[in-house]
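Student: here is a sequence together with a model predicted from it:
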2 protein chains.
Amino acid sequence: MPVGTQGSVKSLLPSDLAAIHTQCVLANAYHLALRPGAHVIERLGGLHRFTGWGGPMLTDSGGFQVFSLKRLRHVDDRGVSIVSHLDGRCRRFSPRSVIRLQERLGADLIMPLDVCMGYRSERPEAELALERTHAWALQATRAHSRSDQWLLAIVQGGMEADLRVQAARALAAERFPGYAIGGLSVGEPFSTTERLITLCVAELQDDRPRYLMGVGEPEQMLASVSRGIDLFDCVLPTRLGRTGHAYTSRGRVNLGRAAAGQDREPLDPTCGCVVCTKYSRAYLHHLVKAAEPLGARLLSLHNVAFLVDLLRQARGQILAGTFQAPSC
Amino acid sequence: MPVGTQGSVKSLLPSDLAAIHTQCVLANAYHLALRPGAHVIERLGGLHRFTGWGGPMLTDSGGFQVFSLKRLRHVDDRGVSIVSHLDGRCRRFSPRSVIRLQERLGADLIMPLDVCMGYRSERPEAELALERTHAWALQATRAHSRSDQWLLAIVQGGMEADLRVQAARALAAERFPGYAIGGLSVGEPFSTTERLITLCVAELQDDRPRYLMGVGEPEQMLASVSRGIDLFDCVLPTRLGRTGHAYTSRGRVNLGRAAAGQDREPLDPTCGCVVCTKYSRAYLHHLVKAAEPLGARLLSLHNVAFLVDLLRQARGQILAGTFQAPSC
């Protein structure tokens, strides 16, 4: 899922995303609640109509924003108070209000409010976060009323193996339609991520999608697929695109470097996207050096297409029984 | 002609421009000479292949840059020295070198080096500028060797009616394949622009295109068409787009204003472009307020489509004998 935090995948149109076979787009309920406000999107017919994206869409609840905007928040048993980065006003989010918010926004997949933690959190903090996350997931289930939306659960538990197992087992017992694994990729080594994914996946139903939040490195994605992950989101493809970087089948490339300046070859000769079939590295280098907005647009498009294609290929290989994960 | 100064119409792809029936795209030889350099573009197969735009393309010579970067230049009889805004190095451009440069870039329409002046220039300065511009046009003709490119002439003469007439008459005698009228829209009232256009056009052949440089206000464009102008270029549609503004059939609109925030109507209900058929003003307002790059992209696309369509309609009306110019 490419990330359109504010209801727009940066530089890209819904038709661009459809053309590269994007399956699902993510938006952020917290950001949209602050601007333009749920009432605006609801009145305009919901997030699909508002943004023009007709395919599946997921809204994240804002739990990660609570974590990443640490200085601006207060968490207690009943929810979260957070100071808006836009106008400095204090906003209150509860497990119920976040579900109501996402019902108004109208995405297909919605997420409960959860508590994320940093990599180096203490055990008592991890236990408390988990307890709240679990209680909030149950409150979210009770509050959720739209039958055309799936409410997923989020497995938390920090870096503590036993807490992760406990959380996954408890949520699996509630039989959610799908499960996210949150609070990873927050600074820990990937070997830790992998070990914790494996523990979680073992507890979750095989017939429900499993979504690893916030991972967008190609090798890590494939390694996670081999551990049972089906779904990803990450800002990386568009963020890399805006800073002149691209994924390629031979690793990441910085188009701002002089080496690309006279290179008539495509970004990635094995890629079939419009950027790789129509433009040279030299032109992309020029756009990046000249700070032309088309540079960010073309590199973002290629990067999203690259990850969508990576997972499409992995799916094909899994079905054919030939999938092999890379070693990270 | 939408303007792609650095070889890219800001935010837009060649395929976007083709889809809205753009007939010609402008690039700037001076800017491209500084970055990425003519040798790079030549080696990559010329400007069309480099940028991916297969339709007609015009390169401006850089005369206007000499004018607009006034503090950084020195003009004498044999050409221009200009301090690069990129690296501070002094670059020399002569009437011949600018033709050679544009032959290497490979646009379809190319321009001689000329001398522009500000609105409030003194008569002696206007006379000297005109003398140089004329001498340089003749040198450019002699230097020009590629038969697949048209070298246009540029009519200068500041705000002096008699100098404009003299310049147009002298250039018409040389039978260029087309004529630009330069050095207007530099701060003078539009009534002055109109009067000077009329004087120039009267001297130029009827069967050669006449191009008014740097005008992109819809009413002024139609008024200029009624005075005999065929071709325009302007940064305005994309610059307005980047600052949240749009042309509409009811005048210019600022999408950043709160009034658009809950407006489910399209930008311009009479416009058939993809922006007006798929998006609400409320979504465009949100993109502008959230500084999403898609806002600039969508508004730029609409604005270019609006001007292309404006002239397409004017052409149809001229052929049908129903064209009426607005009063500006």
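Tutor: That came through fine.
Student: and A:R175, how many neighbours does it have?
Tutor: By other Cβ atoms under 10 Å in any protein chain shown, 9 other residues sit near A:R175. Using the backbone N, CA and C atoms, a C-beta is placed for each residue, glycine as well.
Student: so how far is A:I197 from it?
Tutor: 21 Å (Cβ to Cβ, to the nearest Å).
Student: report the beta-bridge partners for A:V3.
Tutor: According to DSSP bridges, the partner residues bridging A:V3 are A:L26.
Student: can you pull the contacts of it?
Tutor: Contact analysis of A:V3 by Cβ atoms under 8 Å, 6 or more residues apart in numbering or on different chains lists A:9, A:25-26, A:28, A:233-235, A:238.
Student: go again with 6 Å.
Tutor: By Cβ atoms under 6 Å, 6 or more residues apart in numbering or on different chains, A:V3 lies in contact with A:26, A:233, A:235.
Student: try A:V80
Tutor: A:V80 neighbours (Cβ under 6 Å, 6+ apart): A:66, A:73, A:93.
Student: heading C-terminal from the lowest-mean-pLDDT helix or strand in chain A, find the next helix or strand.
Tutor: Least confident helix or strand, chain A: helix A:63-68 with a mean of 76, by mean pLDDT, DSSP states H and E. Toward the C-terminus, helix A:63-68 is succeeded by strand A:73-76 as the next helix or strand (DSSP states H and E).
Student: grab the CA positions of that following strand and hand them over as CSV.
Tutor: Below are the C-alpha coordinates for strand A:73-76, written out as CSV (Å, rounded to 0.1, in the frame of the first residue of the first chain):
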residue,chain,number,x,y,z
ARG,A,73,0.8,13.8,23.5
HIS,A,74,-0.6,12.3,26.7
VAL,A,75,-1.8,8.7,26.8
ASP,A,76,-4.1,7.3,29.6
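Student: counting contacts, what elements does that strand pack onto?
Tutor: strand A:79-83 (3 or more Cβ pairs under 6 Å, 6 or more residues apart in numbering or on different chains; DSSP states H and E).
Student: please name the strands paired to the strand it packs on in the sheet, noting orientation.
Tutor: strand A:73-76 (antiparallel), strand A:90-93 (antiparallel).
Student: lowest-confidence stretch among those strands?
Tutor: Ranked by mean pLDDT, these bottom out at strand A:73-76, which scores a mean of 88.
Student: measure the residue of chain A positioned farthest from its centre to chain B for me?
Tutor: Note on chain A: the largest C-alpha distance from the chain mean falls to A:Q262, namely 35.4 Å (Cα atoms, centre = their mean). From A:Q262 across to chain B, the span is 6 Å (Cβ to the nearest Cβ, to the nearest Å).
Student: residue contacts, that residue?
Tutor: Going by Cβ under 6 Å, 6+ apart, the list of residues near A:Q262 reads A:282, B:40.
Student: gap between it and A:A282?
Tutor: 6 Å.
Student: re the thing from before, dump the strands paired with strand A:79-83 into TSV; add mean neighbour count as well.
Tutor: What follows is the strands paired with strand A:79-83, written out as TSV (neighbours: other Cβ atoms under 10 Å in any protein chain shown):
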stretch	mean neighbour count
strand A:73-76	14
strand A:90-93	16
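Student: and A:D162, how close does it get to B:R73?
Tutor: For A:D162, the distance to B:R73 - Cβ to Cβ - is 72 Å.
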